[in-house]
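A.B. asks: coordinates only, sequence not included:
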């Protein structure tokens, strides 16, 4: 028996040796086709067997295969699986294609990441690549046009300024309508938005409907932006350097033209106005009138003398003041990053320097920062990680007040024949008595911030389907603000003193979050449950000191001043505690249901009403996977979904529910407490009730994909000031007094026209339509929240519907402006008391969207985006100012010359001279707020054009260390088409308005930019 066993064993060994003798060992390298870099940890298997191995840190593998093997299978996370025939070769190297579909199959939502196919709510996902390489420092402005239902207005062209974001309309009157922005799990304060480096962003998930936002409870009523920064991947270290060089310039005015020197002087002559420049010239030359007639001094002198003075003034004048007030600014950005990882550790490290001068001379925004994201699998069941970002910004600003200190306004206020500099090289203070060029140099204003974002977490998986996670996160911001009226400056001479103000702020926001996430599939049943709690706290501290009387501008600290004038400090605190849970279930990937619940308690409300409950339910039906029928093969995706739920808003100032006292008064040299505001112990949450019905679809093997949504969103118990009788000693208190409804549709569509190996062409479009109206209010026809009394709050009308006197036009018989009374009768006497609701006309945009195309051929890529917006109205005060003879002291639009001169003239503008007296008509020169200057804000802009070229790997490999090179050129806001007089993308103008898009005033002008860059990977 033993001999038989021994013989059998020898026979088996002989057979095995024969088999492997006929097999062979195959070696090779696996790289990424995108950048040519080696991929470690790639699975290499012999198809049809259990034989397999992995690539090492350099992407190299070695595997012994039997003679019967025919194929090797290479698979790697986020890359397309590839099978390769073995043949007779013993060396097989492959390049794997990134799996774009796999990368887009997950989205980050409330406190977790889920598969895109399992999404029930309305969620838009923006790839970080759409935010890169633009000459705009704040990522909030870069979101414009990237997703339906997300309106972004470039509030200002000032470098570093943030965009105004509205998700599915404006839901609050005065408690804020900005969405919550969460970066790597930490809520970010608005002051820190421009501290986030767009190049560090991996993706932005935009949560819109109740099913998506309710898990955020009190903070989600205006939508949520979940920003995920880049992370390392388990592959060889990748070093990347990027350099961008850009030019930005002021966008040209649309549909208007400022007068030239000759045009303006002629207009002044006709209006019988002698400007200070000519008046001084006549006095210095001893010019007197030969005979006094009607008009002013310029009208007395002979025509030849007048023309001679005009010629001298024109030759000396600035001409186009834009040449002196604005510049073509040069932007430079340096970016370096290192990412990679192994089996247990992944890392992403970056540093960036952004130098961004503004188009207004002397304005500047600089940013320097870095980021470190690390994950470490300490144990098989325990993972730790951190996401840390630190950024320092310097913001040198110019004043944007509604006066000559504003460079944007000076373009209109100053006359083209005035000199920017006097003959001795000093600044000319102009007829305004002030030069913003001098003010920018001698009255500097600066904001220096340090922003720190940090989240630290531990994640334990004690059981197969359960993950426990604890996270501590902070957003710590400091501000050093300085404004200095230097001694000897023009403004300090006007005021009679020099003055400096130093303000220092610290804002420390911290959050502790604990969650338990259960995820399990049993047969055709899939469950995803989440429970957690969160505690947020914000501590804000401010100190301000002001002093006057500095010996010279070289002394910049307050102890050198003669007279301290102000020294104050203030401190506020806010806290929020939350408990939340969600449960998602699907059966056979056909029927989905998800629900969430959150209970929030806010320190901002009355003691007995601080807590509120918010919840949601969402349903979805994947019709494509339904077993009851077989859809046509042309349909590749069809999913119906709907949701209903609530969320809240507590964005008001601290201590609004409390009756507070002021301790600033003095009596007999003792501090006295006097009542400051009324208490409201019942002050509680604004609550949003939102319904959504949507359809996700795909056709022709997903060559055409898209989504369509209908939503209805009503915000109730609005936080707003309620007027009370002044006999109480107060004028108002903050209460819960009204409701606002937004409803609309959203559509997104992507079509792949050509999908070949080397040539791809796709088209994209999205459209959003929103109707906004006030549905309840403590008092119908209440005053709006915008400047100059132009707006009202009226039930049934949009928020801030315009409230103006109706204007008919200019009477051709006498050149006077004609208005309508409330009863419809005509009048030539303006009265603000005859103002009427302009039904349906408000600053709220009704529709907006994007058209785009993307092409790539071999290494060349081209991307084009057109953005459009409309349905809103803007009161154009610039237009009103610049065509009125009341503004004859400054420059005017050329069309201002088209005024009434004689009976029978049909003109848009009234008479300048009263024919009965032969003198200027002061009544017609008065600026009256009427419908004459209420304009539609519709526009289309060529938002973005990017052309790039990526060198093929076979070329970069010859360079040696270089793994990939991409060159590109990009343009932003290249063109705009509109009928609006000026710039229709308005949001704010310095310190003059408090409601987005209401008024066109003299803010920082919008920009057009060009960027050239190179990305190098090693």
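C.D. replies: Here it is on my side, so go on. Worth saying up front: this structure is predicted, and the values here are computed from it rather than measured.
A.B. asks: how deep is residue 269 tucked in, by neighbour count?
C.D. replies: Neighbourhood size, residue 269 [other C-beta atoms under 10 Å]: 18. For glycine as for every other residue, the C-beta is placed from the backbone atoms N, C-alpha and C.
A.B. asks: That one should be in a helix, yeah?
C.D. replies: Yes: looking at residue 269 with DSSP: H, G, I helix; E, B strand; the rest coil, it is inside a helix.
A.B. asks: isn't it right up against residue 297?
C.D. replies: No: checked against C-beta atoms under 8 Å, the pair residue 269 and residue 297 is beyond contact range at 11.0 Å.
A.B. asks: How many residues are close by residue 603?
C.D. replies: Residue 603, neighbours per other C-beta under 10 Å, totals 17.
A.B. asks: Roughly how far does residue 156 sit from residue 440?
C.D. replies: Applying C-beta to C-beta, to the nearest Å, the value for residue 156 to residue 440 is 17 Å.
A.B. asks: higher neighbour count, the two?
C.D. replies: Between residue 156 and residue 440, counted using other C-beta under 10 Å, the more crowded position is residue 156 (26 against 21).
A.B. asks: Wait, the more buried one touches residue 1003, no?
C.D. replies: Yes: the criterion here is C-beta under 8 Å, and residue 156 meets it with residue 1003 at 5.7 Å.
A.B. asks: Stretch 682-693: how far from the chain's middle?
C.D. replies: 24 Å (C-alpha atoms, centre = their mean, to the nearest Å).
A.B. asks: Could I get the buried residue list for it?
C.D. replies: Using 16 or more other C-beta atoms under 10 Å as the test for burial, stretch 682-693 gives 683, 684, 685, 686, 687, 688, 689, 690, 691, 692, 693.
A.B. asks: can you check stretch 823-835 too?
C.D. replies: So, applying 16+ other C-beta under 10 Å, buried residues of stretch 823-835: 830, 834, 835.
A.B. asks: Compute the first-to-last residue distance for it.
C.D. replies: With C-alpha to C-alpha, to the nearest Å as the measure, stretch 823-835 spans 11 Å from end to end.
A.B. asks: cool, and stretch 248-268?
C.D. replies: End-to-end for stretch 248-268, by C-alpha to C-alpha: 35 Å.
A.B. asks: What mean pLDDT does that stretch get?
C.D. replies: The pLDDT scores in stretch 248-268 average 93.
A.B. asks: and residue 357, bridged to which residues?
C.D. replies: Using DSSP bridges, the bridge partners assigned to residue 357 are residue 364.
A.B. asks: How about residue 348?
C.D. replies: Applying DSSP bridges, one finds that residue 348 bridges with residue 339, residue 373.
A.B. asks: quick one: it and residue 370, what's the gap?
C.D. replies: With C-beta to C-beta as the criterion, residue 348 and residue 370 are 11 Å apart.
A.B. asks: who's more crowded, those two?
C.D. replies: Using other C-beta under 10 Å as the criterion, residue 348 and residue 370 rank with residue 348 on top: 23 against 17.
A.B. asks: before we move on, back to that, dump the buried residues of stretch 682-693 to a markdown table, plus distance to residue 541 and secondary structure.
C.D. replies: Converted to a markdown table, these look like this (distance: C-beta to C-beta, whole Å; DSSP: H, G, I helix; E, B strand; the rest coil):
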| residue | distance to residue 541 | secondary structure |
| --- | --- | --- |
| 683 | 25 | coil |
| 684 | 28 | coil |
| 685 | 27 | coil |
| 686 | 28 | strand |
| 687 | 32 | strand |
| 688 | 32 | strand |
| 689 | 37 | strand |
| 690 | 36 | strand |
| 691 | 42 | strand |
| 692 | 41 | strand |
| 693 | 47 | strand |
